[in-house]
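J.: take this sequence and fold it.
(chains A and B)
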Amino acid sequence: MKIATYNVNGVNGRLPVLLRWLHEAEPDVVCLQELKAPEEKFPLLAIQEAGYGAVWHGQKSWNGVAILRRGADPVETMRGLPGDPEDLHSRYIEAAVEGVLIACLYLPNGNPAPGPKFDYKLRWFDRFTKHARSLISKKLPVILAGDFNVMPTELDVYKPESWVDDALFRPEVREAFDRLVTQGWTDALRHLHPGERIYTFWDYFRNAYARNAGLRIDHFLVSPELAERLTSAGVDRDVRSWEKTSDHAPVWIELANQPKPAKKKRCTARPSW
DNA sequence: ATGCCGTGGAAACCACGA
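T.: So this is what the prediction gives:
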């Protein structure tokens, strides 16, 4: 199973790019962020014609998240991050696909920092971490995928020294990411490519893509049993060079099919009592 | 390194993004 996450930066403005990439990459599941479209303007028909079912949580102008599934509709299990009824941003949606719980998130940017937007980011992160705790404690296969708006380490930034005061790289945010991962999640891209420079975002200006002045901010965190099933992971960075493209590139992981239940073996171990 | 580009929405500029 191939699962992707892609901050499209406007699902309607980006529709030709999205459809071309779906056709070429053929992911089984896709988490989208920054739809920038209200509920009724999600391009369901075009996505269905491309062979995907979808659940989405839209919002006028900003934010918006969706989960696509090839050949069927995802089974939605939650929309909106729990923990604050006052928070109306569409930044979280969750669905079940073939026994895997997929959480699609768009964590707040948080700039300028310090300030109210940064405070909101930290509060959102805290709520998300609480929810992630409840997911991992269920011992089910879970994937947290999306735009986390965090570079976890210096390796994830083209020029770390110029980002230390930024809301995407400040110590509070990196520490929050650490606390989350420490619950038992595996950062899939980093796990399979330790020490490698991997970017998922390049600014539109200053020729960032050509200079490879990038950031790794789109992540896959997988639960322990899925970590064992990881076979590969990567970034479709070429998509970033297309016309009218997003400033993010699609990121993906592949999971081995669930191993068939082992044949029952005679238990040779002694009972512990 | 400062939103230098890009999107969406409202009103020919503004909010927002990272």
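J.: going forward, measure contacts between C-alpha atoms and count neighbours the same way
T.: Fine.
J.: got a list of contacts for stretch A:195-213?
T.: Stretch A:195-213 is contacted from outside by A:155-159, A:190, A:214-218, A:235, A:237, A:240-241, A:247-251, using C-alpha atoms under 8 Å, 6 or more residues apart in numbering.
J.: which of those count as buried?
T.: A:155-158, A:190, A:214-218, A:235, A:237, A:240, A:247-251 (16 or more other C-alpha atoms under 10 Å).
J.: helices - which of those residues land there?
T.: A:R190 (DSSP state H).
J.: buried residues in the helix ranked longest in chain A?
T.: Assignment by DSSP H gives helix A:116-136 as the longest helix of chain A. By neighbour count on 16+ other C-alpha under 10 Å, the buried set for helix A:116-136 is A:117-122, A:124-129, A:132, A:135-136.
J.: just those residues now: which is nearest A:R69?
T.: A:L135 (20.9 Å; C-alpha to C-alpha).
J.: hmm, that closest one is touching A:V142, no?
T.: Yes: using C-alpha atoms under 8 Å, A:L135 is in contact with A:V142, at 7.2 Å.
J.: got phi/psi on the most centrally placed residue in chain A?
T.: Centroid-nearest residue in chain A: A:G146, 1.7 Å away (criterion: C-alpha atoms, centre = their mean). Dihedral angles of A:G146 (phi, psi; degrees, to the nearest 10) stand at phi 160, psi -170.
J.: same check, this time on A:L18
T.: phi -60, psi -50.
J.: so who does it touch?
T.: A:V8, A:V11.
J.: so which of the contacts of stretch A:195-213 reach DNA strand B?
T.: A:L215 (C-alpha under 7 Å from any atom of the strand).
J.: appreciated, that's everything.
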